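Undergrad: For reference, the sequence and a predicted model appear below.
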Amino acid sequence: MRRTDFCRRAGTALVAGVAGVPVGVVAQTSLQPLRIVTAPTEIPISMINAHDMGYFKDAGIDAQIIALNNGPAGIAAVLSGSADIGFASSLSLVIAYDKGLPVTVVVGTDLHRATNPVQGIFMASASSPLHTGKDFNGKTVSVPGLGGTQNYAVRAWVDATGGNSSTLRFVEIPNSAVPAAIVAGRIDAGTTDVLTLHSTRSRTLREVTNVYNAIAPKFITGVWYATAPWVEQHRDLTRTFITVFRRYSAWANSHPADEVRFYSKQSGLSIDDLQAVPRAVFEPTLTLEALQSIIDVAYRYGAIKRRFPANELLSSASGTSAAAPNASIR
């Protein structure tokens, strides 16, 4: 999504920093405090709505919502003890764990599904002769973040379709600016999201492929996480958070119009545009296979130093057994 625009438009509804003010929280000594770091995309930011709907209070939690604009900043907040549970891309957490930081997955969500793609859209000019990976050798390609999931997804797709991804020249361009960059000839292609694809409405551009499918037809792109020591000390509170998130997920999936209105208000995106594209599905899950895919691609392209089994990242309170079978581990 358009992270810069999102953070500007969200205004006073969000907390500006780690030490910020809770969103509409009234101190109640009978409630257990929980500081939650969100990110400016639909699934994590929905915790503001869950709070306003009273879901945390019903569960005995005094939730303090802390809104930050990127995953690494949230991880820093959780590691420093300024927050308890945070949301980040699964890749960010995998990299943090590989560096020896004591992070652990509480619950996964924000799944990429080949049948319902919302990210990883790879665009090029409609008149471009670029169609498969081998056509992109030596080309200039944009991604929203160098070293991010879409960066490695592009490399995986190019290599899988006859190209050599080491020859690509990557530049960083926000999703919303990709169409203009292609039309201007500054890049040969770029990754973006379905909202940008929809809003472009141009016959001069086309979708080449969805590069996320080169990682896996289904994998976890985002996770709620905490530090392992904090989870060990707060197992019941961790499980309660998971219960609240599942409750809100069920509500959001069964009330899509209401969820769209909430997200439109938070993001500044139009309701019509949000309703016209595939919607993110709130799907609390934590399967080893869906998490292993992102670990494998991170290792393949040097983002992490070792390939480790997904169960090393699991929280003791996640509800997924660390001993569960994992067909991806060899």
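TA: Looks like it came in fine.
Undergrad: ok, now which ones touch Val154?
TA: By Cβ atoms under 8 Å, 6 or more residues apart in numbering, the contact set of Val154 is 122, 141, 143, 165, 168, 170, 191, 211. C-beta coordinates here come from the backbone N, C-alpha and C atoms, glycine included.
Undergrad: Let me see the backbone angles for it.
TA: Backbone torsions of Val154, given as degrees, to the nearest 10, read phi -60, psi -50.
Undergrad: I'd like to know how far it sits from Glu207.
TA: Val154 sits 14 Å away from Glu207 when distances are taken as Cβ to Cβ, to the nearest Å.
Undergrad: is it true that Thr191 touches Asn210?
TA: No - between Thr191 and Asn210 there is no contact under Cβ atoms under 8 Å: 9.3 Å.
Undergrad: coming back round to it: now the contacts of Val154 in JSON lines, please, with extra columns for pLDDT, distance to Lys265 and neighbour count.
TA: As requested, the contacts of Val154 are exported to JSON lines (pLDDT from 0 to 100; distance: Cβ to Cβ, whole Å; neighbours: other Cβ atoms under 10 Å):
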{"residue": "Phe122", "pLDDT": "96", "distance to Lys265": "31", "neighbour count": "26"}
{"residue": "Val141", "pLDDT": "98", "distance to Lys265": "34", "neighbour count": "25"}
{"residue": "Val143", "pLDDT": "97", "distance to Lys265": "29", "neighbour count": "26"}
{"residue": "Ser165", "pLDDT": "98", "distance to Lys265": "40", "neighbour count": "20"}
{"residue": "Leu168", "pLDDT": "98", "distance to Lys265": "39", "neighbour count": "21"}
{"residue": "Phe170", "pLDDT": "98", "distance to Lys265": "34", "neighbour count": "18"}
{"residue": "Thr191", "pLDDT": "96", "distance to Lys265": "27", "neighbour count": "28"}
{"residue": "Val211", "pLDDT": "97", "distance to Lys265": "31", "neighbour count": "27"}
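Undergrad: I'd like to know which of the residues you listed is nearest to Pro102.
TA: Among those, Val143 lies closest to Pro102 (Cβ to Cβ), at 29.0 Å.
Undergrad: Is the closest one bridged to anything, and to what?
TA: Glu172 (DSSP bridges).
Undergrad: What of Gly190?
TA: Assigned bridge partners for Gly190, using DSSP bridges, are Met123, Ser142.
Undergrad: quick one: contacts for it?
TA: Counting by Cβ under 8 Å, 6+ apart, Gly190 has contacts 122-123, 141-143, 173, 178, 181-182.
Undergrad: Gly163 now?
TA: 132-137.
Undergrad: show me where the stretch 51-200 of the chain has helices.
TA: 55-58, 71-80, 90-98, 149-160, 178-183, 194-200 (DSSP state H, counting those that start in this stretch).
Undergrad: comparing those, which gets the lowest mean pLDDT score?
TA: Mean pLDDT per stretch puts helix 194-200 lowest among those, at a mean of 79.
Undergrad: Without its sequence neighbours, what residue ends up closest to Thr227?
TA: Pro102 (4.9 Å; Cβ to Cβ, 6 or more residues apart in numbering).
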